[in-house]
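Trainee: Using only what follows, build the 3D model:
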Amino acid sequence: MSQSRVCVGAIAGAYGVRGEVRLKSFCADPRALAGDGALWSEDGARSFEVTLGAQVAQGFAARLSGVRRREDAEALRGLRLFADRDRLPALPDDEFYHADLIGLEVFDTGGVALGRVKAVLNHGASDLLELVTPGQAGAVLLPFTRAIVPTVDLGARRIIADPPEGLIE
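Mentor: Model prediction:
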């Protein structure tokens with residue numbers, strides 16, 4: 001996926017019998033999915049104009065341009081939708097798009113490499129950085145809080161972290 005687009009939502013499945021989908025938003029304002037402009041498939045091969053309907057479990061009922069039947073909607077289950085980066089609002093200095101954090105190298109406050117950000121996860125309480133660490137079989141989950149991650153330098157493509165003792169061995 002090009003860095004010119006950012007994942008803003010995903011299709012959770014069909015909703016009803018007339019081609020609507022259940023759409024899960026990854027936006028701070030969930031209704032921002034239906035802003036101006038198309039949303040794209042990850043490979044950029046398909047684009048959709050989105051009209052949001054009622055809020056439903058795990059997102060919104062939505063109508064996508066070109067999707068008219070339940071079977072067509074169901075075939076899109078799991079499809080992640082991307083917005084052009086220039087459509088997205090500028091963020092304050094202490095906020096980041098998840099896509100910009102993935103791939104950044106993470107160092108401790110002494111300059112020792114801790115790993116690389118594989119994913120940004122959120123299971124309700126706060127964001128977690130999933131790190132792939134050298135010499136460790138599994139991933140490490142690093143809380144993405146100002147106390148633990150005091151510095152994110154997108155220009156240098158690095159994060160400075162002060163993880164709790166024992167989190168990374």
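
Trainee: Straight-line length of stretch 148-157, end to end?
Mentor: In stretch 148-157, first residue to last residue: 18 Å (CA to CA, to the nearest Å).

Trainee: Could you pull up the residues touching the nearest residue in space to A12 that is not next to it in sequence?
Mentor: Distance criterion CB to CB, 6 or more residues apart in numbering; nearest residue to A12, sequence neighbours excluded, is R22 at 4.1 Å. For every residue, glycine as well, the C-beta is placed using N, CA and C. With contacts defined as CB atoms under 8 Å, 6 or more residues apart in numbering, R22 is in contact with I11, A12, G13, A14, Y15, V56, A57, Q58, G59, F60, A61, A62.

Trainee: So for these, which is the shakiest by pLDDT?
Mentor: Among the contacts of R22, Q58 has the lowest pLDDT, at 80.

Trainee: where's that residue relative to G155, distance?
Mentor: Using CB to CB, to the nearest Å, one gets 36 Å for the distance from Q58 to G155.

Trainee: next one: A113
Mentor: 18 Å.

Trainee: Settle it for me: which of those two has more neighbours?
Mentor: More crowded of A113 and G155, by other CB atoms under 10 Å: A113, with 12 against 5.

Trainee: domain assignment for this structure?
Mentor: According to automatic domain parsing, the chain is divided into the following domains: 5-87, 98-161.

Trainee: tell me the average confidence for the shortest one?
Mentor: Domain 98-161 comes out with an average pLDDT of 90.

Trainee: For this protein, just list every one of the helices.
Mentor: Remark: helices assigned in the chain by DSSP state H are 70-75, 98-101.
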